[in-house]
Structures are given as structure tokens and as C-alpha cells.
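Colleague: Generate coordinates for the sequence data below:
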Amino acid sequence: MDMRAAPDAELVDLQPGRDRIVDDAVAGLSATPKRLPSKYFYDARGSMLFEQITRQPEYYLTGTESALLQRRMPDIAAAIGARVHVVEYGSGSGRKTETLLAGLDDAVAYTPIEISRAALLDSVARLEGRFPRIEMLPVCADFTHPVALPSPRRAPRRTLAFFPGSTLGNFVEDEAVQLLRAMRDTIGEDGLALIGIDLDKDPATIEAAYNDAAGVTAAFTLNLLARLNREIGSDFDLDQFRHRAHYSRERGRIETWLVSRRAQRVRVDGHVFDFAAGEAMQVEYSHKYTDAGFAAIAARAGLAPAAAWNDAADWYGLRLLRRMDAG
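Modeller: Model (predicted):
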């Protein structure tokens, strides 16, 4: 185990291997238009770059969500109740998790599920030092696939799924419903889910957040190609692709692409893919929600709002969901 993990944290390592990454890359590059899965953004460098993105002045999401969580934490804790097992999907650095764990009443255990092993171990080491009475049960895995959760030593009263950062918006609607259904199964009959959602607003504000002036988001996007070159032996020329992010009001989402600067050929594990000059490869969606739209997606997954909190400008929201069949 990486020695950055705290000694009491036993890691369950289900990180995707080379074969799965190859399969995902080949399937995406064979599609029309070409695409690559955004879940592979988060290697060690990608996680570091994303942390830099959250500190850019244009990127309102992290600061707004963190302030909202801090301001409304007493209400959130009261709605959730005591002695929960917190299961976080795509935990990243775990910064917002500190606010949640500190504000909850006698949290029993914390299970972060994160695809980046480096980010997972760093966050668990920090959190275990801050919360020695909360059992840390980290799982390195792709949370878009079923994951068997470890069992805490102390029985929790309920399970709380925590999914901040508006990460749900990275999935098209059917995928988001599928993920919420899996979350519904994970939390059980009396469980709850606390979801962060970015709300629909001025397109200029949204677009600026994904096209920061310092170019950190562009570096983050291109790092996906660097990771594939390193881990599966592809030969993307990073200098021959450029970042492009645009907000589609019709589809209610940011669409992020890597655009080929010239006609070129890329090889991936014996497969050959030709790019035309100007051809765009889709690498991420980020949906922005209305209350009605989000409630409809949750309902398709068998979940219903139990409580809702927005920031003062209605830019960002936290939604507490329960199972429709609960109680």
C-alpha cells in the first residue's frame, strides 16, 4: 500500500486496469462523433490540475458549493440524523467532506469511492487525522460500476450517499438515472443521498468557468491524452489537439471537446483512428439543472426530494433525496 495512506485505513483497490481502459478508449474512438470517457481525467496529475481549476476566479462551482454546505450544515445534519455511514462517490481531494463529517452527529464510518488512487490516499490520510473516531474504509474504484461496500465495525443507523461537485451533471440523462438507481440500492430503505447540482444560469458565466483565462482547464483536458499515452501506449500528439468548451442552451449542458488541429492518425493498442482537420472529439458533458428537470431524473431512479438548499443567487443547489418507497 502507498505509505501516504494513514496506517489504520485499509484500502480496497478496484482501480480499472489496462484492459478496461483500452476497451473504453477503443469503443469511444470507434463511435461517431469520437469520444473518450471523462472518468479517466483523474490520474495523479489530472487530480492536481482539477484542484487548480477549483481555485480559478471563473470557476464558481466549488466555492459556491463549499460556502452553501458550511452555511446550511446545521439544517443538513438535522435532516440526515445521527450515526450514518457516509459513502462518497468520486471523492477527489475530500475538502468538502471535512465540512460534512465535522457537521454530522456521530458519523460512524466514511467510504470514499475514487478512481484516482493518489487523490484517494491523500484525502484519507488527511481525514483520518482530523476524524480519528470515524472509521475510514476507502475504495479505489470506478463508481459508475457496481461496488461492494465494506462494512463498518460499528453498525450505522443509515447510509448517506454524498455526491458533491455537480458530478452527476457529467452523465447523460439515462446514465444519470442508472447511477442514481445504483445509489438508491446502496443506501437501502432508510438511506439518504445528498447531491450537489449546478443550476441553469447566464450562459456567459457557465462558459467562463470551463474556459479559464489561465488555461488550467485546457491543460486538464489535454492531460487525458497524456494519461492514455502513458498507460495504454497510444500515440496522441498533445500539441495537435486544442480544448473547446461551449454551453448548449438547448441541451442544458457544457460540451467539452478536444479538436484536432490537422489531419492526423492515432494508434491505440493496434487500432488506427484517423482524425480530420477540425474534427472534434467529445470528452465531457456538464449538465445544468432546473428544479423540475432534476426532480424528474430523480423520480425515474425511484428517489424523491426530502430537502433542498440553494445559495443566495440560485447558482448552485444541494438536494437531499430519499427512496420513494421509504417509510
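Colleague: Let me see the domain layout of this structure.
Modeller: 17-41+203-287, 60-201+288-323 (automatic domain parsing).
Colleague: need the least confident one among these, by mean pLDDT.
Modeller: Mean pLDDT is lowest for domain 60-201+288-323 out of the domains of the chain, coming in at a mean of 92.
Colleague: For stretch 132-145, what is the distance to the chain centroid?
Modeller: 14 Å (C-alpha atoms, centre = their mean, to the nearest Å).
Colleague: measure that stretch end to end?
Modeller: Stretch 132-145 has an end-to-end distance of 30 Å (criterion: C-alpha to C-alpha, to the nearest Å).
Colleague: And the domains of the chain: which comes nearest residue 50?
Modeller: Taking C-beta to C-beta, domain 17-41+203-287 is the member of the domains of the chain nearest to residue 50, at 6.0 Å. For the C-beta atoms, the positions are set from N, CA and C on the backbone; glycine is no exception.
Colleague: Which pLDDT value belongs to residue 10?
Modeller: 62.
Colleague: can you tell me which of the domains of the chain comes nearest to residue 47?
Modeller: domain 60-201+288-323 (4.0 Å).
Colleague: can you give me the offset of the closest one from its chain's centre?
Modeller: 10 Å.
Colleague: Any idea how far apart the tips of that domain sit?
Modeller: 30 Å.
Colleague: returning to what we had before: please identify the most buried of the domains of the chain.
Modeller: domain 60-201+288-323 (a mean of 19; mean count of other C-beta atoms under 10 Å).
Colleague: In JSON lines, list the domains of the chain along with distance to residue 47.
Modeller: Shown next, in JSON lines, are the domains of the chain (distance: least, C-beta to C-beta, whole Å):
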{"stretch": "domain 17-41+203-287", "distance to residue 47": "8"}
{"stretch": "domain 60-201+288-323", "distance to residue 47": "4"}
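Colleague: for those domains, which one sits closest to residue 52?
Modeller: Among the domains of the chain, domain 17-41+203-287 sits nearest to residue 52 (C-beta to C-beta), with 4.9 Å.
Colleague: Render the CA-only coordinates of the strand or helix carrying residue 119 in CSV, please.
Modeller: Assessed by DSSP states H and E, residue 119 sits inside helix 117-130. Provided in CSV are the C-alpha atoms of helix 117-130 (Å, rounded to 0.1, in the frame of the first residue of the first chain):
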residue,chain,number,x,y,z
ARG,A,117,-5.6,6.2,-6.1
ALA,A,118,-3.3,9.1,-5.4
ALA,A,119,-6.1,11.5,-4.6
LEU,A,120,-7.9,8.8,-2.5
LEU,A,121,-4.9,8.1,-0.3
ASP,A,122,-4.0,11.7,0.2
SER,A,123,-7.6,12.6,1.2
VAL,A,124,-8.0,9.6,3.5
ALA,A,125,-4.7,10.3,5.3
ARG,A,126,-5.8,13.9,6.0
LEU,A,127,-9.3,13.0,7.0
GLU,A,128,-8.2,10.1,9.3
GLY,A,129,-6.0,12.5,11.2
ARG,A,130,-8.9,15.0,11.5
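Colleague: just checking, next helix/strand downstream of it?
Modeller: Past helix 117-130, the next helix or strand by DSSP H and E is strand 135-136.
Colleague: Neighbouring strands of the very next helix or strand once past that next one in the sheet, and parallel or not?
Modeller: Counting by DSSP H and E, the element after strand 135-136 in chain order, helix or strand, is strand 139-141. Sheet pairing of strand 139-141 (DSSP bridges) gives strand 12-14 (parallel), strand 109-114 (parallel).
Colleague: Which parts of the stretch 201-327 of the chain are strands?
Modeller: For the stretch 201-327 of the chain, strands defined by DSSP state E, counting those that start in this stretch occupy the ranges 241-248, 253-260, 264-268, 271-275, 280-287, 303-310, 316-323.
Colleague: what about the helices in this protein?
Modeller: Under the criterion DSSP state H, the chain carries helices at the ranges 18-29, 44-53, 60-80, 95-103, 117-130, 173-187, 203-209, 216-232, 291-300.
Colleague: Give me the helices and strands touching the last one, please.
Modeller: When you say that, I think you mean helix 291-300. The contact analysis (3 or more C-beta pairs under 8 Å, 6 or more residues apart in numbering; DSSP states H and E) places helix 291-300 against helix 173-187, strand 303-310, strand 316-323.
Colleague: now the fourth one
Modeller: Using 3+ C-beta pairs under 8 Å, 6+ apart as the contact criterion, the secondary-structure elements in contact with helix 95-103 are helix 60-80, strand 84-89, strand 109-114, helix 117-130.
Colleague: out of those, nearest to residue 211?
Modeller: Closest among those, using C-beta to C-beta: helix 60-80, at 13.2 Å.
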